[in-house]
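Novice: This is a predicted model, with the sequence first.
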Amino acid sequence: MIQLNDIALEKSIISSIINSYDLLSNPIDEASKLKEEYFSTNDHQVIVKEVKRCISNNILPDLPNVSLNIPDQMDNICDIVDTGSSTNITAHCEKLIELYNKRDLYSNLNRYMSNVDSKPSDTIKQDLMNYLIDSNVRDDFEPVHIRDHLWKTFDGMQNKVSNFLMPTGFKRLDDIIGGIGEGEIMTVGARPGNFKTSFLLNFIENNLDKKVLLFSLEMTTPQIIKRFFAMGGVDNSRIRHSKLKKTDYDKCGVTASKLDNSNIYIIETPGLTIEEICIISNRFIAKHPDTWLIGLDFIQRVANSKHFKTGDDTAANAHKSRTFTNFIKKVKCRGLQLSQLSRKCEERKDTRPIASDLSSSGKIEEDSHIIIFLWRGFKYNAKNHYGIPYKEDDISLLLEKSREGETGIIESKVEGKFLKFHDIDEYHNEEEPF
């Protein structure tokens, strides 16, 4: 049974406010943010309305002052005061708002269900999913005057503040794109065996101080942890075959300490639809509003919503892309999604991927703010622009799309045994002594 109210909680919050002896106290500050409708009973709403009136007039909302204008509520106020004050007013106010949102959602769903007799069941489920997504995002649908963001943006530019950008950690790439901005999607595409997941994990490792939610739809959490260990300087083949040296354990310990103090959260549940991913992400962001990135590995692994027919992958993937993009924009987070590429790129003379190679969906190209393809010329016996054959550790970052900057090719390096990306100018391939 879903809990829609908590009378004891409401009483403890009101009691904390009425028992305050100072208008500058924390309970009074929290009370100013509350609305009457957050409380589930009419009596509590009347009392809270009077409390807020007192506060707005710089009157201490104690028992005598609150009961002065609502004498018929005297018994209720005394009963509330006798229940005792909240031990954590901030947390309890957050819980109160959460319960209010559940009541509102439940009420709206009931109204919706009363009009769905003629709809197929799959359509009903899909519509409910869409409603849940729309109902759980921030209430930011009111038009905002440009001045509300104008001077904050201008001041940030003057002070070279770019907190809204999440850098990739790769200098040459960041010099061009700066990073991923709020409400933006970066898509990284490649054929299998071109280090897509490693790129995502390198990106996360370069931002361990930022909160990240990763949907790993292909790998388990232990597999991801082992990849981080490899990125810490331990040969991935020795990790896989459990043939670690003493120095390897030391390096793994250093990496483990970093991960233990990081802000990485992982969901590895298979078979999630894009609607479920958005709902889970929104609940996470509600608890962790300082979330910087939602990672998706990878978009084609997201289950098709049930109202798409089997085999209709183009339309299904277009729906996934558009839904994820709209969600990221609404919650003002950042999205990094990995994507498979079609085999067509390997059938051409020039095997470098292009936007149309994004598997089963042109919508991904349209919705993404930044598109990067990972391409290893060594696999195709290709040569670079100097006419020199690519080596095994060469990898090209093909910047196919960037709404905020230029496009082009960034030649980089990847240490396969360590799953580690490097800028060319900082790369030194020194073989490890046996």
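Specialist: It's in. Computed from a predicted model, the values in this text were never measured in an experiment.
Novice: Please count neighbours and contacts with C-alpha atoms only from this point.
Specialist: Will do.
Novice: Where does pLDDT dip in the stretch 301-434 of the chain?
Specialist: Applying pLDDT under 70 to the stretch 301-434 of the chain flags residues 306-312, 359-362, 424-434.
Novice: How far away from the center of its chain is the helix ranked longest in the chain?
Specialist: Across the chain, the helix with the greatest residue count (assigned by DSSP state H) is helix 89-113. Chain-centre distance of helix 89-113: 22 Å, with Cα atoms, centre = their mean, to the nearest Å.
Novice: I'd like to know which elements it is packed against.
Specialist: Contacts defined by 3 or more Cα pairs under 8 Å, 6 or more residues apart in numbering; DSSP states H and E place helix 89-113 against helix 7-18, helix 26-31.
Novice: and with 6 Å instead?
Specialist: In terms of contacts (3 or more Cα pairs under 6 Å, 6 or more residues apart in numbering; DSSP states H and E), helix 89-113 is packed against no helix or strand at all.
Novice: Show me where the stretch 301-434 of the chain has its strands.
Specialist: 334-340, 370-375, 394-402, 408-415, 420-423 (DSSP state E, counting those that start in this stretch).
Novice: swap that for the stretch 151-300 of the chain, please
Specialist: 184-190, 211-216, 264-267, 291-297.
Novice: quick check: angle from the last one to strand 211-216?
Specialist: With axes from the mean of the first three to the mean of the last three Cα atoms, to 10 degrees as the basis, strand 291-297 and strand 211-216 are set at 10 degrees to each other.
Novice: Nearest to residue 9 among the strands of the stretch 151-300 of the chain would be which one?
Specialist: Minimum separation from residue 9 across the strands of the stretch 151-300 of the chain (Cα to Cα) falls at strand 291-297, 28.2 Å.
Novice: pLDDT below threshold where in the stretch 1-150 of the chain?
Specialist: In the stretch 1-150 of the chain (pLDDT under 70), the answer is 1-3, 21-25, 111-144, 148-149.
Novice: same thing but 90
Specialist: 1-10, 12-37, 40, 51-69, 71, 73-150 (pLDDT under 90).
Novice: Roughly how far does residue 344 sit from residue 356?
Specialist: Going from residue 344 to residue 356 by Cα to Cα, to the nearest Å gives 9 Å.
Novice: do the same with residue 407
Specialist: 16 Å.
Novice: next one: residue 192
Specialist: Using Cα to Cα, residue 192 is found at 17 Å from residue 356.
Novice: thinking again about what came up before, most tightly surrounded among the strands of the stretch 151-300 of the chain?
Specialist: By mean neighbour count, with neighbours taken as mean count of other Cα atoms under 10 Å, strand 184-190 ranks first of the strands of the stretch 151-300 of the chain at a mean of 26.
Novice: Next, count neighbours for residue 81.
Specialist: Using other Cα atoms under 10 Å, residue 81 has 21 other residues around it.
Novice: Could you break this structure into its assigned domains?
Specialist: 7-97, 158-426 (automatic domain parsing).
Novice: Looking at those domains, spot the one closest to residue 106.
Specialist: domain 7-97 (13.5 Å).
Novice: now do the same end-to-end measure for that closest one.
Specialist: So domain 7-97: terminal residues 13 Å apart, Cα to Cα.
Novice: Specify the beta-bridge partners of the residue nearest to the spatial centre of the chain.
Specialist: With distances taken as Cα atoms, centre = their mean, residue 294 lies nearest the centre of the chain, 3.2 Å away. When bridges are called by DSSP bridges, residue 294 pairs up with residue 213, residue 335.
Novice: got the contact list for it?
Specialist: 213-214, 335 (Cα atoms under 6 Å, 6 or more residues apart in numbering).
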